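1. build me a model from this:
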Amino acid sequence: MSGKCCHDDACAAPPRADDGRFARILWVALIVNAAMFLVEIGAGLAAGSMALQADSLDFLGDAANYGVSLMVVSSALAVRAKAALLKGATMGLFGVWILGATLWQAFRGDVPDAFTMSWVGFLALLANLGVAVLLWAYRRGDSNMRSVWLCSRNDAFGNLVVLLAAAGVFGTGTAWPDLIVAALMASLALQAAFATIRHALAELRAEPVPAS
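-> So this is what the prediction gives:
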């Protein structure tokens, strides 16, 4: 549907009238993500859960991304696109790191605490759903806004599979469900990184944004 708007001058660029509201939402998202990073990194280390540790670093990366978005929210489209390129590269590095850390955890073979994974995963899900609801209106915005939406969307999916992993760890008594979830989170990060970078490069080239 968004493709129909590309030929209309009024739709050539995302609306900017609500930049102030978007900035306020970003502040809320930044605070929520920074707080959840502290909660999850502590719980993940205590529980020995790779999935929780991965999710905690995801919260930290998102908080940093929201900070970057706040700095460029009122800037020209080219500046915001360059910021999105930086965020896309960060998401990609996160995905690569998770894959490596998951392999290391598989080699060690430690079994995480399923109970801690469950309650922390549920708390993280509530936090990410709240942020995603606030950002819903900006999912079709420019590459900078879209990258923020993608982060929140991926986090909510990640929290759901963390809860499934906790149930799997409890039921099987092995670390494999935790490791599988960590690998899935890495895949989501890499997919979001590709989409964000592609969108930002299209804006920098002043070409129509590819449909996703």
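2. show me what the longest helix along the chain is packed up against.
-> Counting residues, the longest helix found in the chain (DSSP state H) is helix 77-108. Judged by 3 or more CB pairs under 8 Å, 6 or more residues apart in numbering; DSSP states H and E, helix 77-108 is in contact with helix 50-72, helix 143-172, helix 176-204. In short, each C-beta sits where N, CA and C put it, glycine included.
3. between those, which gets nearest to I31?
-> helix 50-72 (8.2 Å; CB to CB).
4. look up how far T102 lies from the residue sitting nearest the centre point of the chain.
-> Closest residue to the average C-alpha location of the chain: C151 at 2.4 Å, with CA atoms, centre = their mean. Counting by CB to CB, to the nearest Å, the gap from C151 to T102 is 20 Å.
5. tell me which residues touch A124, please.
-> M36, V39, E40, D55, F59, D155, N159, V162 (CB atoms under 8 Å, 6 or more residues apart in numbering).
6. extract the C-alpha trace of stretch 184-193 and format it as CSV.
-> C-alpha atoms of stretch 184-193 as CSV (Å, rounded to 0.1, in the frame of the first residue of the first chain):
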residue,chain,number,x,y,z
LEU,A,184,16.8,-17.3,16.7
MET,A,185,17.4,-13.9,18.3
ALA,A,186,20.6,-13.6,16.3
SER,A,187,18.7,-14.3,13.1
LEU,A,188,16.1,-11.6,14.0
ALA,A,189,18.9,-9.1,14.6
LEU,A,190,20.6,-9.9,11.3
GLN,A,191,17.2,-9.6,9.4
ALA,A,192,16.4,-6.3,11.0
ALA,A,193,20.0,-5.0,10.2
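7. off-centre distance for that stretch?
-> Once both centres are worked out by CA atoms, centre = their mean, to the nearest Å, stretch 184-193 turns out to sit 9 Å from its chain's centre.
8. residues in contact with that stretch?
-> Contacts for stretch 184-193 (CB under 8 Å, 6+ apart): 51, 54-55, 58, 88-92, 94-99, 102, 147, 150-151, 154, 157-158, 161.
9. quick check: mean pLDDT of that stretch?
-> The average pLDDT for stretch 184-193 rounds to 78.
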